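Trainee: Got a predicted model here, sequence first, then my questions.
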Amino acid sequence: MTTTEPTSALRGLDAVKDDLAALYRDLHAHPELSFEEHRTAAEIARRATSYGYEVTPGVGRTGVVAVLDNGEGPTVLLRADFDALPVTERTGLPYASRTEGVMHACGHDMHVTCLLGALKLLADARADWSGRILGVFQPAEETAQGARAMVDDGFYERFGTPDVVLGQHVAPLPAGMIGAHPGPAFAATDALRVRMFGKGAHGSRPEASIDPVVMAASTVMRLQTIVSREIAGGETAVVTVGSLRAGTKDNIIPDEAELQINIRTYTPEVRTRVLAAVERIVKGEAITAGAEREPEITEIDAFPVLDNDAAAVERTVAALGAVIGADRIIDPGPVTGSEDVGYFATSAERRIPLCYWLFGGVDPAEVAAAQKAGTFERDIPSNHSPFFAPLVGPTLDTGVTALTTAALAWLGGPPSR
Ligand SMILES: [Zn+2]
Ligand SMILES: [Zn+2]
């Protein structure tokens, strides 16, 4: 194994920090929803080109791929997602979103900035390594469509099959900390839409109706027994009914109700079991209510489980530890969030090792105080919160350092000239 000391590449960080912080604030002020990230994609393409990368825009609709060929050696894929969320920002920051109802509440603006920073450092230090870098800027992660769209757009045929897939997500950990978990690290998600059909009537004449409101309410309660009564104590699953809608007015019994259900699991066995239980309960409650039409269950979207390769995590974490300190790397265990980065590892002809880690963005003193008071969940805004606001400087430092170091742990040594 030939690896390169990351030190010389990282020496360039100080010189680009201010520029990266300005880029981050600009991206944060201009969030764009999934597959509408045209402004962001243009800025990425402009910068990566100026760093010396060969840039292909429009991959999987709005995705951007930046390639740097630097002689014989491994191909390393570095991935950042770049879509925002339909959230109204409430941080009050001077660089808060200028687009009403849209916010970078998941920190994907930080991912883009860190990857551009790493691409710049790696390009400037190209005398120190050999191989090929694929900088992958992915759209539409929040809707679980972007990675698949890029793969379906001929990603491997056009850009080659990487030897490793690396990426990171900013998280409510103390700034400077990194979290990496081998094996299933992010949950699989199944999002379902359920339509339950009753029979409408005047609100004063329930005997003439089949009431879908009661049917749906009963279904919600029964769905909450899946995890508690059907999944073993040592297994994990989450079943959330995030939306329940029916009716228009107090004195009208409607003829239909709609539920949206979000399911998180880590193993195929538990996933199959939960999905079967949802279907059984939904159908069973409709029968119990006397519904004349069977409910409709359709998929809204689905994320596969993110399965970190144990050896890839070990190798990457060893390199990160040597640079930022082993005491700053933790194993946070599996998280119930989902991520579609795994598509880049599982969709090629052979399975590609994947290492995807978390990096912290919160003032360590704030985290310590909240943990001491037992108010972490209340006081520290997490991803998707309208208050989510990573500290710019320290978060960027860690994110750029981690990506650059991880890439060098997989690229070849200095090219023989
Ligand atoms: Zn998100
Ligand atoms: Zn995210």
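Mentor: That came in fine, so what should we check first? Ligands and ions are numbered 1, 2, ... in the order given.
Trainee: going forward, measure contacts between C-alpha atoms and count neighbours the same way
Mentor: Noted.
Trainee: can you list the domain ranges for the chain.
Mentor: Residue ranges for the domains of the chain, per automatic domain parsing: 7-186+305-410, 188-303.
Trainee: right, so those domains: which one is the most enclosed?
Mentor: Between the domains of the chain, domain 7-186+305-410 has the highest mean count of neighbours, a mean of 20, where neighbours are mean count of other Cα atoms under 10 Å.
Trainee: how about the domains of the chain in CSV, adding mean pLDDT?
Mentor: Conversion of the domains of the chain to CSV gives the following (pLDDT from 0 to 100):
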stretch, mean pLDDT
domain 7-186+305-410, 96
domain 188-303, 97
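Trainee: What segments of the stretch 101-250 of the chain are strands?
Mentor: For the stretch 101-250 of the chain, the strands defined by DSSP state E, counting those that start in this stretch occupy 131-138, 164-174, 178-179, 183-186, 188-197, 201-202, 237-246.
Trainee: Which other helices and strands does the fifth one contact?
Mentor: Other helices and strands packing on strand 188-197, by 3 or more Cα pairs under 8 Å, 6 or more residues apart in numbering; DSSP states H and E, are helix 212-223, strand 256-265, strand 296-303.
Trainee: can you map out the helices along the stretch 251-400 of the chain?
Mentor: Per DSSP state H, counting those that start in this stretch, the stretch 251-400 of the chain has helices spanning 268-289, 310-324, 343-346, 364-373, 376-379, 392-410. These are given in chain order.
Trainee: any chance of the ones you listed in JSON lines, plus distance to Leu33?
Mentor: JSON lines is the format used below for the helices of the stretch 251-400 of the chain (distance: least, Cα to Cα, whole Å):
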{"stretch": "helix 268-289", "distance to Leu33": "29"}
{"stretch": "helix 310-324", "distance to Leu33": "31"}
{"stretch": "helix 343-346", "distance to Leu33": "21"}
{"stretch": "helix 364-373", "distance to Leu33": "30"}
{"stretch": "helix 376-379", "distance to Leu33": "27"}
{"stretch": "helix 392-410", "distance to Leu33": "22"}
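Trainee: among the strands of the stretch 101-250 of the chain, which is nearest Glu339?
Mentor: For these, proximity to Glu339 was assessed by Cα to Cα; strand 183-186 is nearest, at 6.6 Å.
Trainee: Restricting to C-alpha, output the closest one in CSV.
Mentor: Listed next in CSV are the C-alpha coordinates belonging to strand 183-186 (Å, rounded to 0.1, in the frame of the first residue of the first chain):
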residue,chain,number,x,y,z
GLY,A,183,-21.4,-1.8,8.6
PRO,A,184,-25.0,-0.6,8.2
ALA,A,185,-24.5,3.0,9.3
PHE,A,186,-27.6,4.8,7.9
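Trainee: Ok, which of the helices of the stretch 251-400 of the chain comes nearest Val335?
Mentor: When the helices of the stretch 251-400 of the chain are ranked by distance to Val335, counting by Cα to Cα, first place goes to helix 376-379 at 14.7 Å.
Trainee: Touching the closest one from outside, list them.
Mentor: Contact with helix 376-379 is made by Val367, Ala370, as judged by Cα atoms under 8 Å, 6 or more residues apart in numbering.
Trainee: Of the helices and strands packed on strand 188-197, which is nearest Ile231?
Mentor: Using Cα to Cα as the measure, strand 256-265 is the one of those that comes nearest Ile231, at 10.7 Å.
Trainee: Just name whatever secondary elements the closest one is in contact with.
Mentor: With contacts defined as 3+ Cα pairs under 8 Å, 6+ apart, the secondary structure elements packing on strand 256-265 are strand 188-197, helix 212-223, strand 237-246.
Trainee: That strand pairs with which strands, parallel or anti?
Mentor: The strands that strand 256-265 pairs with in its sheet are strand 188-197 (antiparallel), strand 237-246 (antiparallel) (by DSSP bridges).
Trainee: circling back: would you mind giving the helices and strands packed on strand 256-265 as TSV with distance to Val170 added?
Mentor: Compiled in TSV, these are given as follows (distance: least, Cα to Cα, whole Å):
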stretch	distance to Val170
strand 188-197	19
helix 212-223	32
strand 237-246	22
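Trainee: Brilliant, that's me finished.
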